[in-house]
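**Student:** how would this look folded up:
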Amino acid sequence: MDPRYHSEEVSNELLLTCSALREVGLDQEANLFREAVFDRQYVDLALQGLRMRVHHASPDDGKFANQTAYRLLERLNRLLA
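**Tutor:** Numbering: from 1, shown residues only. Prediction:
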């Protein structure tokens, strides 16, 4: 596990990501980020789930949900780069 996951900035981004995903109806991914907020061993799993969602975007989720997932993934990638 990456020691950067324990920073306050990462904590804030995990919480923001969880909330935003839930807001657009991507509850499965939001649940992974909720777990990551409380237990940092789930951060990599949550990131992997979000990457899968972005790379295999479903039109059934709606354009706004897919754009939100993409933008959140980009934010997290920049933060953790």
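**Student:** contacts and neighbour counts: CA atoms only from here.
**Tutor:** Noted.
**Student:** Need the contact partners of whichever strand or helix holds A36.
**Tutor:** Following DSSP states H and E, the helix or strand that holds A36 is helix 27-38. Helix 27-38 is contacted from outside by 11, 14-15, 17-22, 42-43, 45-46, 49-50, using C-alpha atoms under 8 Å, 6 or more residues apart in numbering.
**Student:** in the following helix or strand past it, what's buried?
**Tutor:** As assigned by DSSP H and E, the chain's next helix or strand after helix 27-38 is helix 43-55. Buried residues in helix 43-55, counting neighbours by 16 or more other C-alpha atoms under 10 Å, are found at 43-47, 49-51, 53-54.
**Student:** how about low-confidence regions in the chain?
**Tutor:** For the chain, the stretches flagged by pLDDT under 70 are 1.
**Student:** Longest helix in it, please.
**Tutor:** helix 63-80 (DSSP state H).
**Student:** CA atoms only for the helix holding A36, dumped as PDB, please.
**Tutor:** Extracted C-alpha coordinates of helix 27-38, given in PDB (Å, rounded to 0.1, in the frame of the first residue of the first chain):
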ATOM      1  CA  ASP A  27     -23.300   3.200  -6.100                       C
ATOM      2  CA  GLN A  28     -21.100   0.200  -6.600                       C
ATOM      3  CA  GLU A  29     -18.000   2.300  -7.200                       C
ATOM      4  CA  ALA A  30     -19.100   4.700  -4.400                       C
ATOM      5  CA  ASN A  31     -19.200   1.800  -2.000                       C
ATOM      6  CA  LEU A  32     -15.600   0.900  -2.800                       C
ATOM      7  CA  PHE A  33     -14.500   4.500  -2.100                       C
ATOM      8  CA  ARG A  34     -16.500   4.500   1.100                       C
ATOM      9  CA  GLU A  35     -14.500   1.500   2.200                       C
ATOM     10  CA  ALA A  36     -11.300   3.100   1.100                       C
ATOM     11  CA  VAL A  37     -12.000   6.200   3.300                       C
ATOM     12  CA  PHE A  38     -12.100   4.000   6.400                       C
END
